[in-house]
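Engineer: From the sequence below, what's the structure:
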Amino acid sequence: MSQARTDMDSTAGTPALCTAESLAELREVSSRMLRAVETVIDGKPAVVRTVVTVLLAGGHLLVEDVPGVGKTMLAKALARSIDCTVRRIQFTPDLLPSDITGISVFNPDVRQFDFRPGAVFANVVVCDEINRASPKVQSALLECMEEGQVTVDGHTYGLHQPFLVVATQNPIEMEGTYPLSEAQRDRFMARISMGYPGPAAEIAMLDNHGGVSPLESLRPVTDAATVARLVSVVQDVYASPTLRRYVVDLATATRTSPAVRLGASPRAALHVLRAARAHAALEGRDHVLPDDVHRVAAAVLGHRLLLSADAVLARRTPSDVLDELIRATPVPVAHR
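Structural biologist: From the prediction side, this is the model:
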């Protein structure tokens, strides 16, 4: 336990949530979740760890890759590892916003409108092939993902907590798809790519998935109440003023770089800090280090950067530019 932390928050006068006991529980629960998901997703421990990091950070996840690499399987495995409400939405061109948020239906018996909740009213919402629905339908998720609520016919309804959206999309196939707007992409805390498995992992997949799917035998290893409590613990992980300034410096570097046309938003900086806190907690620390920021920066910032025309012509990728900016931004020494 760091000497900079006490059992009582001196500024707020409330008990600290991030204690040695709560961190131990977080690591134990997250280890169970990692093992459970890895029984379904072979050879991708770093990807699975990023998913759990986003969950504990209270964010949302975009899984973007070619067909057949296990995007939907990953989302379903995470959902099944938690004893909570789960809804899957198959995004299609004929989907309506009310299918997601819900609709008010007139009840003649009481002569008033009753609200019927949509598919978004769940702890884990799996949005499969999100870019196959129209922008009008995609925008139905904006309020849900940012504010944890839904407004229908002038009435606001709170969503279940914890609330996690895991969306998948295929970046290769363009016909019949609608690219996510920048506002929508900025709602996702992180974007990951599954990538192809290695030969050994693919052989193991043939053995494990050749008959009955491992999803059938996957049982919950935690529940929604525990996850919600651990999200609060992560929010209490200490980030020094110097560390917070370092996060802002990184965000500013993306906005001023000549290689970037659109840099990281203030929301992106906030997501970096939240993800870094979750990463530190998973490492068993009650404080954030610059290394935590480095470990989450690519997943959190990469999908938000729009490169300049010169950078695109030079065949540079957002990851290349981001790595360069991280190396050029001075790392704070006195981060405590």
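
Engineer: ok, which stretches of the stretch 101-250 of the chain are helices?
Structural biologist: Along the stretch 101-250 of the chain, the stretches classed as helices by DSSP state H, counting those that start in this stretch are 135-138, 142-147, 182-187, 199-209, 224-235, 241-256.

Engineer: could those be laid out in a markdown table, adding distance to Asp65 and mean pLDDT?
Structural biologist: In short, each C-beta sits where N, CA and C put it, glycine included. Formatted as a markdown table, those follow (distance: least, C-beta to C-beta, whole Å; pLDDT from 0 to 100):
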| stretch | distance to Asp65 | mean pLDDT |
| --- | --- | --- |
| helix 135-138 | 19 | 90 |
| helix 142-147 | 21 | 92 |
| helix 182-187 | 15 | 91 |
| helix 199-209 | 15 | 78 |
| helix 224-235 | 25 | 94 |
| helix 241-256 | 24 | 95 |
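
Engineer: I'd like those laid out as JSON lines, including distance to Asp310.
Structural biologist: Converted to JSON lines, those look like this (distance: least, C-beta to C-beta, whole Å):
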{"stretch": "helix 135-138", "distance to Asp310": "29"}
{"stretch": "helix 142-147", "distance to Asp310": "32"}
{"stretch": "helix 182-187", "distance to Asp310": "20"}
{"stretch": "helix 199-209", "distance to Asp310": "38"}
{"stretch": "helix 224-235", "distance to Asp310": "39"}
{"stretch": "helix 241-256", "distance to Asp310": "15"}
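
Engineer: Of the ones you listed, which is nearest Gly176?
Structural biologist: Smallest distance to Gly176 across those (C-beta to C-beta): 13.8 Å, for helix 135-138.

Engineer: buried stuff in the closest one?
Structural biologist: Neighbour-count burial for helix 135-138, counted by 16 or more other C-beta atoms under 10 Å, picks out Val137, Gln138.

Engineer: Counting by contacts, list what that helix packs against.
Structural biologist: helix 97-101 (3 or more C-beta pairs under 8 Å, 6 or more residues apart in numbering; DSSP states H and E).

Engineer: Buried ones in the helix it packs on, by neighbour count?
Structural biologist: So helix 97-101, judged by 16+ other C-beta under 10 Å, has buried residues Pro97, Asp99, Ile100, Thr101.

Engineer: Following the chain onward from the biggest helix by length in the chain, which element is next?
Structural biologist: Assignment by DSSP state H gives helix 20-38 as the longest helix of the chain. Counting by DSSP states H and E, the next helix or strand C-terminal to helix 20-38 is helix 45-56.

Engineer: Just give me how far the helix or strand that that next one is followed by sits from the chain centre.
Structural biologist: As assigned by DSSP H and E, the chain's next helix or strand after helix 45-56 is strand 61-64. For strand 61-64, the separation from the chain centroid amounts to 8 Å (computed by C-alpha atoms, centre = their mean, to the nearest Å).

Engineer: So which elements touch strand 61-64?
Structural biologist: Secondary elements touching strand 61-64 (3+ C-beta pairs under 8 Å, 6+ apart): helix 45-56, helix 71-80, strand 164-169, strand 190-192.
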